[in-house]
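Participant: model this:
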Amino acid sequence: MQRLFPNDLQQLINANKHFEGLFLVRIRQLSLVDFVFEFSHVNNLFVSLNSPTPFIVFNADLSDFPGGGELHSFAINLRQFLGGKLVAMNQPNDDMILSLVFEQRNNVLELEEVTLFIELIPRHPQAVLVNNKGRILAAYRYHQERAKDGRFIRGGSKYSLPEKGAFSPQISNAKTDYLQAYLKENRERIKKQNFRDVYVYLETNIKRSKRLIKNYEQDLEKLKELPDLYHKANMLLTYKPAISYYFVQIEGETIEVDPRFDALFNAEILFKKAKKIKKSENILMSKIAETKEKIKYLESIENHLKSLESAGEIFQIYEELGLLKRRDKRQIISKLNPYVITYKDIDILFGKNNKQNDFLTFKIAKKNDTFMHIQNRPGAHIIIRQENPAKDVLEFAGMLCLFLAKQIDGEVMYSPIYNIKKGAFPGQVLTRKYNTFFLRFNDDLKPFFENNIKRFYK
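Facilitator: Numbers count the residues shown, from 1 in each chain. A predicted model of the protein is given here:
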(Lines give C-alpha, C1' and ligand atoms only; values in the text may rest on other atoms or scores of the structure.)
Protein backbone atom coordinates (compact mmCIF):
# COMPACT_ATOMS: atom_id res chain seq x y z
CA MET A 1 0.00 0.00 0.00
CA GLN A 2 1.33 3.44 -0.96
CA ARG A 3 2.02 5.88 1.82
CA LEU A 4 0.93 9.49 2.26
CA PHE A 5 3.48 12.29 1.75
CA PRO A 6 3.45 15.91 3.05
CA ASN A 7 2.43 17.41 -0.30
CA ASP A 8 -0.45 14.86 -0.48
CA LEU A 9 -1.59 15.93 2.97
CA GLN A 10 -1.40 19.59 1.96
CA GLN A 11 -3.57 18.92 -1.11
CA LEU A 12 -6.14 17.07 1.02
CA ILE A 13 -6.32 19.95 3.53
CA ASN A 14 -6.68 22.57 0.79
CA ALA A 15 -9.40 20.54 -0.96
CA ASN A 16 -11.43 20.19 2.25
CA LYS A 17 -11.26 23.65 3.79
CA HIS A 18 -15.06 23.60 3.86
CA PHE A 19 -14.75 21.44 7.00
CA GLU A 20 -13.76 24.59 8.89
CA GLY A 21 -16.88 25.89 10.58
CA LEU A 22 -18.50 22.46 10.91
CA PHE A 23 -19.45 21.05 14.32
CA LEU A 24 -18.13 17.75 15.62
CA VAL A 25 -21.15 15.45 16.09
CA ARG A 26 -19.68 12.09 17.10
CA ILE A 27 -16.43 10.14 17.41
CA ARG A 28 -16.47 6.43 16.54
CA GLN A 29 -13.76 3.81 16.86
CA LEU A 30 -13.91 1.33 13.97
CA SER A 31 -10.97 -0.86 15.03
CA LEU A 32 -7.95 -0.69 17.32
CA VAL A 33 -6.26 1.79 14.97
CA ASP A 34 -9.12 3.30 12.95
CA PHE A 35 -11.36 6.21 13.93
CA VAL A 36 -14.00 8.37 12.26
CA PHE A 37 -14.92 11.92 13.25
CA GLU A 38 -18.45 12.74 12.16
CA PHE A 39 -19.27 16.40 11.52
CA SER A 40 -22.44 18.34 10.83
CA HIS A 41 -24.04 18.24 7.36
CA VAL A 42 -23.12 14.56 6.96
CA ASN A 43 -19.36 15.05 6.67
CA ASN A 44 -16.71 12.80 8.17
CA LEU A 45 -12.97 12.45 8.59
CA PHE A 46 -11.56 8.92 8.66
CA VAL A 47 -8.21 8.52 10.45
CA SER A 48 -6.15 5.32 10.30
CA LEU A 49 -3.24 5.13 12.75
CA ASN A 50 -2.03 1.78 11.45
CA SER A 51 1.72 1.52 11.90
CA PRO A 52 3.04 0.92 8.35
CA THR A 53 0.98 3.48 6.41
CA PRO A 54 -1.16 5.87 8.49
CA PHE A 55 -3.52 8.02 6.42
CA ILE A 56 -6.68 10.15 6.47
CA VAL A 57 -9.71 10.31 4.18
CA PHE A 58 -12.21 13.15 4.08
CA ASN A 59 -15.85 12.08 3.59
CA ALA A 60 -14.94 8.39 3.43
CA ASP A 61 -17.48 5.82 2.26
CA LEU A 62 -17.40 3.39 5.21
CA SER A 63 -20.21 1.10 4.03
CA ASP A 64 -17.70 -1.71 3.36
CA PHE A 65 -15.73 -1.25 6.57
CA PRO A 66 -16.01 -4.25 8.94
CA GLY A 67 -18.25 -3.36 11.90
CA GLY A 68 -18.04 -4.29 15.55
CA GLY A 69 -15.29 -1.97 16.81
CA GLU A 70 -15.43 -1.14 20.51
CA LEU A 71 -14.40 2.08 22.24
CA HIS A 72 -10.98 2.02 23.87
CA SER A 73 -9.44 4.54 26.23
CA PHE A 74 -8.29 7.04 23.58
CA ALA A 75 -11.69 7.28 21.91
CA ILE A 76 -13.37 7.51 25.34
CA ASN A 77 -11.04 10.38 26.31
CA LEU A 78 -11.69 12.14 23.01
CA ARG A 79 -15.43 11.93 23.63
CA GLN A 80 -14.87 13.44 27.06
CA PHE A 81 -12.57 16.33 26.08
CA LEU A 82 -13.27 17.04 22.39
CA GLY A 83 -16.27 18.76 20.82
CA GLY A 84 -17.52 22.03 19.44
CA LYS A 85 -16.72 23.74 16.15
CA LEU A 86 -13.74 23.01 13.93
CA VAL A 87 -12.16 26.44 13.36
CA ALA A 88 -8.89 25.56 11.62
CA MET A 89 -7.08 22.75 9.81
CA ASN A 90 -3.33 23.15 9.47
CA GLN A 91 -0.16 21.26 8.58
CA PRO A 92 2.47 22.23 11.19
CA ASN A 93 6.02 22.53 9.77
CA ASP A 94 4.65 21.26 6.40
CA ASP A 95 5.24 17.84 7.92
CA MET A 96 3.16 14.66 8.11
CA ILE A 97 0.96 16.21 10.80
CA LEU A 98 -2.65 17.37 10.64
CA SER A 99 -3.76 19.76 13.37
CA LEU A 100 -7.49 20.21 13.98
CA VAL A 101 -8.34 23.24 16.11
CA PHE A 102 -11.72 23.12 17.86
CA GLU A 103 -13.52 25.91 19.64
CA GLN A 104 -15.69 24.71 22.53
CA ARG A 105 -17.08 25.88 25.85
CA ASN A 106 -15.51 24.74 29.11
CA ASN A 107 -17.24 23.93 32.41
CA VAL A 108 -17.89 27.61 33.12
CA LEU A 109 -19.19 28.16 29.56
CA GLU A 110 -16.14 30.15 28.45
CA LEU A 111 -14.90 29.63 24.89
CA GLU A 112 -11.57 27.85 24.68
CA GLU A 113 -9.58 26.05 22.02
CA VAL A 114 -8.30 22.49 22.00
CA THR A 115 -6.12 21.05 19.24
CA LEU A 116 -5.94 17.48 18.01
CA PHE A 117 -2.55 16.74 16.45
CA ILE A 118 -2.69 13.69 14.14
CA GLU A 119 0.86 12.55 13.35
CA LEU A 120 0.76 10.42 10.18
CA ILE A 121 4.36 9.24 10.50
CA PRO A 122 4.95 5.68 9.21
CA ARG A 123 5.85 3.21 11.97
CA HIS A 124 5.27 5.94 14.57
CA PRO A 125 1.66 7.17 14.13
CA GLN A 126 0.32 9.24 16.98
CA ALA A 127 -2.67 11.41 17.91
CA VAL A 128 -2.51 13.87 20.78
CA LEU A 129 -5.24 16.15 22.12
CA VAL A 130 -3.81 19.37 23.61
CA ASN A 131 -5.52 22.16 25.56
CA ASN A 132 -5.04 25.91 24.99
CA LYS A 133 -1.98 25.86 27.29
CA GLY A 134 -0.28 23.15 25.25
CA ARG A 135 -0.83 20.46 27.89
CA ILE A 136 -1.74 16.92 26.81
CA LEU A 137 -5.33 15.89 27.58
CA ALA A 138 -5.31 12.54 25.77
CA ALA A 139 -2.97 10.55 23.56
CA TYR A 140 -3.33 7.53 21.30
CA ARG A 141 -0.07 6.11 22.69
CA TYR A 142 1.60 7.19 25.92
CA HIS A 143 5.39 7.01 26.24
CA GLN A 144 6.28 5.71 29.68
CA GLU A 145 9.91 6.58 28.94
CA ARG A 146 11.34 9.45 26.93
CA ALA A 147 11.12 8.63 23.23
CA LYS A 148 14.09 8.75 20.82
CA ASP A 149 13.10 12.21 19.66
CA GLY A 150 13.18 13.50 23.24
CA ARG A 151 9.42 13.94 23.53
CA PHE A 152 7.54 12.87 26.63
CA ILE A 153 3.93 11.88 25.85
CA ARG A 154 1.91 11.63 29.02
CA GLY A 155 -1.26 13.28 30.32
CA GLY A 156 -0.55 16.78 31.67
CA SER A 157 2.90 17.07 30.12
CA LYS A 158 3.80 19.74 27.56
CA TYR A 159 3.29 18.72 23.94
CA SER A 160 5.98 19.35 21.35
CA LEU A 161 5.95 18.59 17.64
CA PRO A 162 8.17 15.76 16.35
CA GLU A 163 11.31 16.57 14.37
CA LYS A 164 10.57 17.19 10.72
CA GLY A 165 11.24 14.21 8.47
CA ALA A 166 13.06 14.28 5.15
CA PHE A 167 10.64 13.65 2.27
CA SER A 168 10.84 13.95 -1.48
CA PRO A 169 8.50 16.79 -2.55
CA GLN A 170 8.17 15.39 -6.10
CA ILE A 171 6.27 12.26 -5.01
CA SER A 172 2.49 12.59 -5.00
CA ASN A 173 -0.14 9.94 -4.24
CA ALA A 174 -3.02 12.31 -3.58
CA LYS A 175 -5.36 10.50 -5.96
CA THR A 176 -4.78 7.09 -4.39
CA ASP A 177 -7.85 5.43 -2.89
CA TYR A 178 -6.15 4.77 0.44
CA LEU A 179 -9.22 3.36 2.17
CA GLN A 180 -9.91 0.67 -0.43
CA ALA A 181 -6.24 -0.28 -0.63
CA TYR A 182 -6.11 -0.47 3.17
CA LEU A 183 -9.25 -2.64 3.38
CA LYS A 184 -8.01 -4.92 0.60
CA GLU A 185 -4.93 -5.75 2.69
CA ASN A 186 -6.39 -5.59 6.19
CA ARG A 187 -10.12 -6.42 6.08
CA GLU A 188 -9.76 -9.88 7.65
CA ARG A 189 -7.29 -8.62 10.27
CA ILE A 190 -9.66 -5.81 11.28
CA LYS A 191 -12.57 -8.24 11.52
CA LYS A 192 -10.53 -10.56 13.73
CA GLN A 193 -9.57 -7.62 15.97
CA ASN A 194 -13.13 -6.36 16.31
CA PHE A 195 -14.54 -9.84 17.02
CA ARG A 196 -11.49 -11.24 18.76
CA ASP A 197 -13.42 -13.12 21.46
CA VAL A 198 -15.32 -15.33 18.98
CA TYR A 199 -12.15 -16.13 17.00
CA VAL A 200 -10.26 -16.94 20.22
CA TYR A 201 -13.20 -19.07 21.43
CA LEU A 202 -13.21 -21.12 18.21
CA GLU A 203 -9.43 -21.50 18.03
CA THR A 204 -9.17 -22.48 21.72
CA ASN A 205 -12.01 -25.01 21.58
CA ILE A 206 -10.79 -26.61 18.35
CA LYS A 207 -7.29 -27.03 19.83
CA ARG A 208 -8.73 -28.37 23.09
CA SER A 209 -10.93 -30.86 21.23
CA LYS A 210 -7.98 -32.08 19.16
CA ARG A 211 -5.98 -32.60 22.36
CA LEU A 212 -8.91 -34.55 23.81
CA ILE A 213 -8.95 -36.86 20.79
CA LYS A 214 -5.21 -37.42 21.18
CA ASN A 215 -5.72 -38.32 24.86
CA TYR A 216 -8.60 -40.67 24.04
CA GLU A 217 -6.46 -42.38 21.41
CA GLN A 218 -3.65 -42.80 23.92
CA ASP A 219 -6.14 -44.41 26.31
CA LEU A 220 -7.21 -46.74 23.52
CA GLU A 221 -3.60 -47.83 23.10
CA LYS A 222 -3.66 -49.02 26.70
CA LEU A 223 -6.51 -51.39 25.85
CA LYS A 224 -4.28 -53.61 23.75
CA GLU A 225 -3.96 -55.92 26.77
CA LEU A 226 -7.57 -57.02 26.22
CA PRO A 227 -6.78 -60.16 24.08
CA ASP A 228 -4.08 -61.13 26.58
CA LEU A 229 -6.60 -61.01 29.46
CA TYR A 230 -9.01 -63.33 27.61
CA HIS A 231 -6.14 -65.68 26.75
CA LYS A 232 -4.94 -65.93 30.39
CA ALA A 233 -8.48 -66.41 31.73
CA ASN A 234 -9.05 -69.27 29.25
CA MET A 235 -5.71 -70.83 30.26
CA LEU A 236 -6.84 -70.85 33.92
CA LEU A 237 -10.18 -72.42 32.96
CA THR A 238 -8.51 -75.05 30.80
CA TYR A 239 -5.70 -76.20 33.10
CA LYS A 240 -7.20 -75.33 36.54
CA PRO A 241 -3.77 -75.15 38.24
CA ALA A 242 -3.38 -75.25 42.00
CA ILE A 243 -2.77 -71.73 43.32
CA SER A 244 -0.52 -71.12 46.31
CA TYR A 245 1.33 -67.96 45.30
CA TYR A 246 0.80 -64.71 43.36
CA PHE A 247 1.95 -66.24 40.07
CA VAL A 248 1.35 -69.54 38.31
CA GLN A 249 3.19 -71.06 35.35
CA ILE A 250 1.17 -72.66 32.54
CA GLU A 251 3.04 -73.92 29.46
CA GLY A 252 5.94 -71.58 30.21
CA GLU A 253 3.66 -68.52 30.55
CA THR A 254 3.44 -66.55 33.82
CA ILE A 255 -0.06 -65.50 34.97
CA GLU A 256 -0.62 -63.11 37.89
CA VAL A 257 -3.35 -64.42 40.24
CA ASP A 258 -4.87 -63.83 43.68
CA PRO A 259 -3.65 -66.65 45.98
CA ARG A 260 -6.80 -66.36 48.13
CA PHE A 261 -8.93 -67.85 45.33
CA ASP A 262 -8.81 -70.92 43.12
CA ALA A 263 -8.17 -70.98 39.37
CA LEU A 264 -11.88 -70.70 38.41
CA PHE A 265 -12.43 -67.62 40.55
CA ASN A 266 -9.22 -66.01 39.24
CA ALA A 267 -10.40 -66.70 35.69
CA GLU A 268 -13.69 -64.93 36.52
CA ILE A 269 -11.72 -61.95 37.88
CA LEU A 270 -9.82 -61.68 34.58
CA PHE A 271 -13.03 -61.95 32.52
CA LYS A 272 -14.64 -59.13 34.56
CA LYS A 273 -11.57 -56.96 34.07
CA ALA A 274 -11.67 -57.64 30.31
CA LYS A 275 -15.38 -56.79 30.19
CA LYS A 276 -14.75 -53.50 31.99
CA ILE A 277 -11.95 -52.61 29.56
CA LYS A 278 -14.19 -53.53 26.62
CA LYS A 279 -16.87 -51.22 27.96
CA SER A 280 -14.37 -48.35 28.34
CA GLU A 281 -13.22 -48.97 24.75
CA ASN A 282 -16.77 -48.40 23.49
CA ILE A 283 -17.05 -45.24 25.59
CA LEU A 284 -13.74 -43.91 24.27
CA MET A 285 -14.72 -44.65 20.65
CA SER A 286 -18.01 -42.85 21.22
CA LYS A 287 -16.22 -39.83 22.75
CA ILE A 288 -13.76 -39.68 19.85
CA ALA A 289 -16.62 -39.69 17.32
CA GLU A 290 -18.52 -37.05 19.31
CA THR A 291 -15.46 -34.80 19.64
CA LYS A 292 -14.71 -35.10 15.91
CA GLU A 293 -18.27 -33.95 15.19
CA LYS A 294 -17.74 -30.99 17.52
CA ILE A 295 -14.51 -30.05 15.71
CA LYS A 296 -16.31 -30.30 12.36
CA TYR A 297 -19.07 -28.03 13.69
CA LEU A 298 -16.64 -25.42 15.09
CA GLU A 299 -14.55 -25.44 11.91
CA SER A 300 -17.69 -24.90 9.84
CA ILE A 301 -18.43 -21.77 11.92
CA GLU A 302 -14.79 -20.66 11.53
CA ASN A 303 -15.05 -20.98 7.74
CA HIS A 304 -18.47 -19.34 7.70
CA LEU A 305 -17.10 -16.30 9.55
CA LYS A 306 -14.86 -15.55 6.57
CA SER A 307 -17.91 -14.80 4.41
CA LEU A 308 -19.65 -12.55 6.97
CA GLU A 309 -19.15 -8.78 6.98
CA SER A 310 -22.18 -7.42 8.83
CA ALA A 311 -21.76 -6.95 12.60
CA GLY A 312 -25.37 -8.06 13.10
CA GLU A 313 -24.71 -11.37 11.34
CA ILE A 314 -21.53 -12.00 13.33
CA PHE A 315 -23.36 -11.22 16.59
CA GLN A 316 -25.73 -14.06 15.69
CA ILE A 317 -22.69 -16.37 15.82
CA TYR A 318 -22.08 -15.00 19.34
CA GLU A 319 -25.63 -15.94 20.27
CA GLU A 320 -25.27 -19.42 18.79
CA LEU A 321 -22.07 -20.06 20.77
CA GLY A 322 -23.44 -18.58 24.00
CA LEU A 323 -21.06 -15.59 23.91
CA LEU A 324 -23.71 -12.91 23.58
CA LYS A 325 -23.41 -11.80 27.21
CA ARG A 326 -20.19 -10.07 26.15
CA ARG A 327 -21.91 -8.17 23.37
CA ASP A 328 -24.75 -5.75 22.89
CA LYS A 329 -27.98 -7.70 22.24
CA ARG A 330 -29.37 -4.71 20.36
CA GLN A 331 -26.95 -5.48 17.52
CA ILE A 332 -29.00 -8.57 16.58
CA ILE A 333 -31.74 -7.56 14.16
CA SER A 334 -34.34 -9.95 12.73
CA LYS A 335 -32.04 -12.70 13.87
CA LEU A 336 -33.79 -15.78 12.48
CA ASN A 337 -35.20 -14.43 9.24
CA PRO A 338 -33.39 -16.05 6.28
CA TYR A 339 -32.67 -14.46 2.89
CA VAL A 340 -34.42 -14.89 -0.46
CA ILE A 341 -33.74 -14.49 -4.16
CA THR A 342 -36.29 -15.12 -6.91
CA TYR A 343 -35.65 -17.01 -10.15
CA LYS A 344 -38.46 -17.51 -12.70
CA ASP A 345 -41.02 -16.59 -10.01
CA ILE A 346 -39.64 -19.32 -7.71
CA ASP A 347 -38.40 -18.23 -4.27
CA ILE A 348 -35.01 -19.64 -3.28
CA LEU A 349 -34.30 -19.17 0.44
CA PHE A 350 -31.06 -19.52 2.36
CA GLY A 351 -29.55 -18.86 5.78
CA LYS A 352 -26.31 -17.08 6.63
CA ASN A 353 -25.61 -18.84 9.93
CA ASN A 354 -26.48 -22.11 11.63
CA LYS A 355 -29.47 -20.77 13.56
CA GLN A 356 -30.96 -19.24 10.41
CA ASN A 357 -30.28 -22.51 8.56
CA ASP A 358 -32.09 -24.56 11.22
CA PHE A 359 -35.03 -22.14 11.36
CA LEU A 360 -35.31 -22.16 7.57
CA THR A 361 -35.00 -25.93 7.08
CA PHE A 362 -37.07 -27.17 10.02
CA LYS A 363 -39.58 -24.34 10.60
CA ILE A 364 -40.17 -22.50 7.32
CA ALA A 365 -39.59 -25.14 4.63
CA LYS A 366 -42.47 -27.41 3.63
CA LYS A 367 -42.00 -31.16 3.27
CA ASN A 368 -42.08 -31.08 -0.55
CA ASP A 369 -39.65 -28.16 -0.89
CA THR A 370 -36.17 -29.02 -2.19
CA PHE A 371 -33.17 -28.86 0.12
CA MET A 372 -29.75 -28.06 -1.37
CA HIS A 373 -26.24 -27.81 0.10
CA ILE A 374 -22.68 -27.75 -1.20
CA GLN A 375 -21.26 -31.23 -0.67
CA ASN A 376 -18.64 -31.86 2.05
CA ARG A 377 -18.04 -28.16 2.68
CA PRO A 378 -19.50 -25.64 5.12
CA GLY A 379 -22.19 -23.53 3.53
CA ALA A 380 -25.75 -22.24 3.57
CA HIS A 381 -28.89 -24.38 3.63
CA ILE A 382 -30.74 -23.54 0.42
CA ILE A 383 -34.45 -24.19 0.04
CA ILE A 384 -36.10 -24.15 -3.39
CA ARG A 385 -39.80 -23.61 -2.80
CA GLN A 386 -40.83 -26.10 -5.43
CA GLU A 387 -41.19 -29.87 -5.66
CA ASN A 388 -39.01 -31.54 -8.33
CA PRO A 389 -37.56 -28.27 -9.71
CA ALA A 390 -36.41 -28.13 -13.34
CA LYS A 391 -32.74 -28.57 -14.25
CA ASP A 392 -32.12 -24.86 -14.85
CA VAL A 393 -33.64 -24.00 -11.43
CA LEU A 394 -31.40 -26.58 -9.76
CA GLU A 395 -28.36 -25.16 -11.56
CA PHE A 396 -29.25 -21.59 -10.56
CA ALA A 397 -29.65 -22.65 -6.89
CA GLY A 398 -26.38 -24.59 -7.17
CA MET A 399 -24.65 -21.43 -8.42
CA LEU A 400 -26.04 -19.66 -5.36
CA CYS A 401 -24.50 -22.41 -3.19
CA LEU A 402 -21.08 -21.73 -4.74
CA PHE A 403 -21.51 -17.95 -4.52
CA LEU A 404 -22.34 -18.06 -0.80
CA ALA A 405 -19.51 -20.51 -0.05
CA LYS A 406 -17.09 -18.44 -2.20
CA GLN A 407 -16.14 -21.55 -4.18
CA ILE A 408 -15.11 -21.70 -7.83
CA ASP A 409 -16.66 -25.13 -8.29
CA GLY A 410 -18.02 -28.02 -6.27
CA GLU A 411 -20.38 -30.95 -5.87
CA VAL A 412 -23.91 -29.90 -4.90
CA MET A 413 -26.44 -32.25 -3.26
CA TYR A 414 -30.23 -31.87 -3.32
CA SER A 415 -33.16 -33.77 -1.85
CA PRO A 416 -36.78 -33.22 -0.81
CA ILE A 417 -37.15 -31.80 2.69
CA TYR A 418 -38.87 -34.97 3.96
CA ASN A 419 -35.49 -36.76 3.60
CA ILE A 420 -33.71 -34.25 5.85
CA LYS A 421 -33.26 -34.82 9.60
CA LYS A 422 -31.71 -32.54 12.22
CA GLY A 423 -28.16 -33.37 13.36
CA ALA A 424 -26.51 -33.11 16.77
CA PHE A 425 -25.19 -29.55 16.30
CA PRO A 426 -26.89 -26.37 15.00
CA GLY A 427 -26.88 -26.29 11.21
CA GLN A 428 -26.03 -30.00 10.93
CA VAL A 429 -28.36 -32.24 8.92
CA LEU A 430 -28.63 -35.97 8.22
CA THR A 431 -29.80 -36.96 4.74
CA ARG A 432 -31.29 -40.35 3.95
CA LYS A 433 -31.45 -40.08 0.13
CA TYR A 434 -30.08 -37.41 -2.17
CA ASN A 435 -28.75 -36.68 -5.65
CA THR A 436 -25.66 -34.69 -6.61
CA PHE A 437 -24.27 -32.81 -9.60
CA PHE A 438 -21.00 -30.98 -10.28
CA LEU A 439 -21.02 -27.28 -11.07
CA ARG A 440 -18.52 -24.53 -11.96
CA PHE A 441 -19.46 -20.99 -10.94
CA ASN A 442 -20.55 -18.60 -13.70
CA ASP A 443 -19.08 -15.15 -12.92
CA ASP A 444 -21.83 -13.48 -14.96
CA LEU A 445 -24.29 -14.36 -12.16
CA LYS A 446 -22.30 -12.56 -9.44
CA PRO A 447 -23.84 -9.06 -10.05
CA PHE A 448 -27.33 -10.60 -10.10
CA PHE A 449 -26.76 -12.30 -6.72
CA GLU A 450 -25.22 -9.15 -5.21
CA ASN A 451 -28.13 -6.93 -6.27
CA ASN A 452 -31.19 -9.16 -5.84
CA ILE A 453 -30.79 -10.90 -2.48
CA LYS A 454 -33.32 -9.64 0.10
CA ARG A 455 -34.33 -10.48 3.64
CA PHE A 456 -37.23 -12.95 3.84
CA TYR A 457 -40.20 -12.22 6.08
CA LYS A 458 -43.06 -14.68 6.55
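
Participant: buried residues, stretch 30-50. List them.
Facilitator: Buried positions in stretch 30-50, judged by neighbour count with 16 or more other CB atoms under 10 Å: 30-37, 39, 43-50. C-betas here are computed from N, CA, C, even on glycine.

Participant: please flag which of the residues you listed sit within helices.
Facilitator: Counting by DSSP state H, no part of the buried residues of stretch 30-50 is found in helices.

Participant: and residue 193, what does it touch?
Facilitator: Taking CB atoms under 8 Å, 6 or more residues apart in numbering, we find residue 193 in contact with 31, 32, 69.

Participant: let me see the contact set for the first one.
Facilitator: Pointing back at residue 31 there. Residue 31 makes contact with 66, 69, 190, 193, 194, according to CB under 8 Å, 6+ apart.

Participant: closest one of the contacts of residue 193 to residue 314?
Facilitator: Of all the contacts of residue 193, residue 314 sits closest to residue 69, with 12.1 Å by CB to CB.

Participant: ok, the closest one touching residue 30?
Facilitator: Yes: the criterion here is CB atoms under 8 Å, and residue 69 meets it with residue 30 at 4.5 Å.

Participant: which neighbours do the two share?
Facilitator: Joint contacts of residue 69 and residue 30 (CB under 8 Å, 6+ apart) are residue 194.

Participant: run a quick neighbour tally on residue 245.
Facilitator: Using other CB atoms under 10 Å, residue 245 has 7 other residues around it.

Participant: all helices for the chain, in order.
Facilitator: Using DSSP H, helices in the chain cover 6-15, 73-81, 178-194, 196-221, 226-239, 263-305, 311-321, 354-359, 391-405, 446-452.

Participant: buried set for the helix or strand of the chain with the lowest mean pLDDT?
Facilitator: Least confident helix or strand of the chain, by mean pLDDT, DSSP states H and E, is helix 311-321 with a mean of 82. Neighbour-count burial for helix 311-321 flags 311, 313, 314, 315, 316, 317, 318, 319, 320, 321 (criterion: 16+ other CB under 10 Å).

Participant: wait, what's in contact with residue 40?
Facilitator: Residues in contact with residue 40 (CB under 8 Å, 6+ apart) are 22, 23, 25.

Participant: now the closest residue to the last one other than its chain neighbours: how far from residue 382?
Facilitator: Same thing as residue 25. Sequence neighbours aside, residue 38 is the residue nearest to residue 25 in space, at 4.7 Å (criterion: CB to CB, 6 or more residues apart in numbering). Distance of residue 38 to residue 382, given as CB to CB, to the nearest Å: 39 Å.

Participant: low pLDDT regions in the stretch 1-150 of the chain?
Facilitator: Low-confidence segments of the stretch 1-150 of the chain (pLDDT under 70): 144-150.
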